[in-house]
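J.: this one's sequence-less:
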């Protein structure tokens, strides 16, 4: 039996306390001087929008800003990728000035970041020839840091990433290849990608040039991510078991829900891992599947172990 893993924003929240959509505009970043203007701009836009929309959703705010001026669109895109990069930035004093770095995928220091080891330990439970792959709506680098370049690929095993290897620069001359067997489909893009390629770190998230799909109602994937959606469909089509961690099944995520439904017709067993699990929308997507729910680890450990070892409890 083949297993597919689908990771929503709740996975990154559980592992590393990265914000859910409703928490994105907490402005919890340490801006560098050149970022102050952008941060003040987005804070001001949000304050004014909240006056008019006191009960509005963060996704609605993002959609409204994306439909405004070019400058505002660039600012909101910068903020979103910058907020989800904050956890993976480190600094050093070098040659008379402070320098900012984004963690390379293979750096040992990545395991000093809270949550990376938790993500690794969980994902290792699913490893094996039965794992069809991982699909995620998240554009942070938790999965990449957890697995390393020897543990995953973006659909092409052996693909070369742009950029250098782990800091310090001992291996910077060598091409950095994705040698892992686990396919990872990031259907909403990544803070380590831009329109020109895929990189060994999340620096695109610092510059605001990352290739990401902003969290808006009824968001649709851009053409530049067709490869990822095709890969996700292939992973889900292979699966007879599906583990869904931290996905809210919001009705406005129409494209994602359609992907899950169409590609998962052969799914026999689904495990929903969530703080507030809700099996009703999953039952509508996969009416013939056995739906089981549990809390994230450690509370849900026993159910998770049972489901993985037995292929999913029967109704």
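T.: Received it, and whenever you're ready, just let me know what you need. What you see is a predicted model; the values in this text were computed from it and never measured.
J.: just the strands in the stretch 151-300 of the chain please.
T.: 152-153, 160-161, 176-177, 182-186, 189-190, 193-194, 197-198, 211-212, 241-245, 269-273, 290-294 (DSSP state E, counting those that start in this stretch).
J.: Name all residues that make contact with the spatially most central residue of the chain.
T.: Taking C-alpha atoms, centre = their mean, the centroid of the chain lies closest to residue 138, which sits 1.8 Å from it. By C-beta atoms under 8 Å, 6 or more residues apart in numbering, the contact set of residue 138 is 7-9, 11-12, 18, 186, 188. C-beta here means a position set from N, CA and C on the backbone, and glycine is covered the same way.
J.: Surely residue 85 and residue 191 touch.
T.: Yes - at 5.4 Å, residue 85 counts as touching residue 191 under the criterion of C-beta atoms under 8 Å.
J.: Please identify which of the two sits among more neighbours.
T.: residue 191 (30 against 26; other C-beta atoms under 10 Å).
J.: Excluding residues flanking it in the chain, which one is nearest that one?
T.: residue 205 (3.2 Å; C-beta to C-beta, 6 or more residues apart in numbering).
J.: Looking at the one you found now. What's its pLDDT?
T.: Residue 205 carries a pLDDT value of 87.
J.: Low-confidence stretches in the chain?
T.: Applying pLDDT under 70 to the chain flags residues 167-173, 311-315.
J.: residues making contact with the longest helix belonging to the chain?
T.: Counting by DSSP state H, the longest helix found in the chain is helix 36-52. Contacts with helix 36-52, where a contact means C-beta under 8 Å, 6+ apart, come from 25, 27, 29, 31, 56, 61, 64-65, 72, 75-76, 78-79, 208.
J.: ok, then the element right after that helix?
T.: helix 58-66 (DSSP states H and E).
J.: which other helices and strands contact the very next helix or strand once past that next one?
T.: Using DSSP H and E, the helix or strand that follows helix 58-66 in sequence is helix 70-83. For helix 70-83, the helices and strands in contact under the criterion 3 or more C-beta pairs under 8 Å, 6 or more residues apart in numbering; DSSP states H and E are helix 36-52, helix 58-66, helix 203-207, strand 211-212.
J.: ok, what's across the strand from the residue lying closest to residue 136 once chain neighbours are set aside?
T.: Nearest residue to residue 136 in three dimensions, chain neighbours excluded: residue 7, at 4.1 Å (C-beta to C-beta, 6+ apart). Counting by DSSP bridges, residue 7 forms beta bridges with residue 136, residue 245.
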